[in-house]
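*Asks:* structure, please.
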Amino acid sequence: MKAFISYEGLPIKSGGAHTLTNKNQKENYNKTLEFLNDFTQIKAEEIELTIYESAHKNYSVLKYLIKLIFSFGFPKMRNDGFLKSWSWNLSQKNIEKGFEFLQLNQQLPNNPFGPISLNIKWNFYFKNSTTKEVLPNQNLIPQIDFRIRNSQIYLRMAEKSTMSVWFAFPFEKITEYEKEYFKKLKLNLPFNFSNNHWKLWKVSTKGNWTSQKIEF
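*Replies:* Here you go, the predicted structure:
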């Protein structure tokens with residue numbers, strides 16, 4: 001592979017993400033699943049439910065921790081120096097219970113994070129939505145950032161829902177076929193593409209990958 005096209009929206013390392021205007025978290029989840037089923041072959045899925053302590057001591061985490069532990073077992077605690085959090089790994093078997101706990105945000109005061117968030121990350125290969133065939137050579141696309149696998153969606157559902165994505169396409173240039181493919185993606189995603197986050201990556205004779213922004 002000598003080239004590929006990527007879309008990063010918005011850069012995860014900058015703390016940004018696409019804000020989803022739909023306030024219904026379950027609808028955002030279902031819309032994302034529809035897109036994944038139509039346009040991708042899912043390779044991995046990670047589901048995590050997290051509750052954050054109150055930044056201004058407006059609510060007690062202990063009250064909710066007991067209920068969460070009863071439902072999901074003991075959590076993994078994090079302390080990054082700002083807000084403590086407790087997280088549980090979920091599966092498709094108990095994700096509906098996760099959505100039930102997510103509704104508690106309606107009873108809790110605003111918080112910089114959460115207060116409760118349901119986060120899902122998918123890794124996948126893109127496919128043709130008509131033929132259902134996986135686009136070729138995606139396994140040859142290099143991993144540019146060790147933190148991000150090709151390709152990826154990270155859906156974070158809390159008081160506000162956001163989506164961070166890294167899309168890696170096995171296309172070496174933009175022709176009418178690629179334009180039509182991207183157009184179909186845009187119509188089925190729960191957010192709008194930004195024209196400023198497309199890149200064409202090329203490999204040098206020394207094997208180094210460099211990128212340049214593209215518009216179409």
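*Asks:* quick check: next helix or strand after the helix or strand of the chain with the lowest mean pLDDT?
*Replies:* Every helix and strand in the chain was compared by mean pLDDT, DSSP states H and E; the lowest is strand 18-19, with a mean of 80. Next in sequence after strand 18-19, counting helices and strands by DSSP states H and E, comes helix 25-39.
*Asks:* quick one: whichever helix or strand comes after that next one to chain centroid distance?
*Replies:* Counting by DSSP H and E, the next helix or strand C-terminal to helix 25-39 is strand 40-52. Counting by C-alpha atoms, centre = their mean, to the nearest Å, strand 40-52 is centred 8 Å from the centre of its parent chain.
*Asks:* coming back round to it: helices and strands around the least confident helix or strand of the chain, which ones?
*Replies:* The contact analysis (3 or more C-beta pairs under 8 Å, 6 or more residues apart in numbering; DSSP states H and E) places strand 18-19 against strand 161-169. Any C-beta I mention is one placed from the backbone N, CA and C, and that applies to glycine too.
*Asks:* related to what we said a few turns ago, which residues are in contact with the least confident helix or strand of the chain?
*Replies:* Contact with strand 18-19 is made by Gly9, Leu10, Lys160, Ser161, Thr162, Met163, Ser164, Val165, Phe191, Asn192, as judged by C-beta atoms under 8 Å, 6 or more residues apart in numbering.
*Asks:* do the same with stretch 30-45
*Replies:* 22, 92, 120-127, 129, 134, 149, 151, 153, 155, 163, 184-185, 188-190.
*Asks:* flag every buried residue along that stretch.
*Replies:* The neighbour-count check on stretch 30-45 (16 or more other C-beta atoms under 10 Å) flags Lys31, Thr32, Phe35, Leu36, Phe39, Thr40 as buried.
*Asks:* for the contacts of strand 18-19, which entry has the maximal number of neighbours?
*Replies:* Ser161 (25 neighbours; other C-beta atoms under 10 Å).
*Asks:* tell me what the spatially most central residue of the chain is bridged to.
*Replies:* In the chain, the centroid-proximal residue (C-alpha atoms, centre = their mean) is Tyr154; its distance is 1.2 Å. For Tyr154, the beta-bridge partners are Lys121, Ser164 (DSSP bridges).
*Asks:* give me the nearest residue to Phe126, chain neighbours excluded.
*Replies:* The shortest distance from Phe126 to any non-neighbouring residue, by C-beta to C-beta, 6 or more residues apart in numbering, is to Leu135 (4.9 Å).
*Asks:* ok, which stretches of the protein are strands?
*Replies:* For the chain, applying DSSP state E gives strands covering 3-9, 18-19, 40-52, 76-79, 84-90, 116-126, 152-157, 161-169, 198-203, 209-213.
*Asks:* the ones you listed: lowest mean pLDDT?
*Replies:* Lowest mean pLDDT within the strands of the chain: strand 18-19, a mean of 80.
*Asks:* against Ser129, how distant is the residue nearest to Phe126?
*Replies:* Going from Leu135 to Ser129 by C-beta to C-beta, to the nearest Å gives 11 Å.
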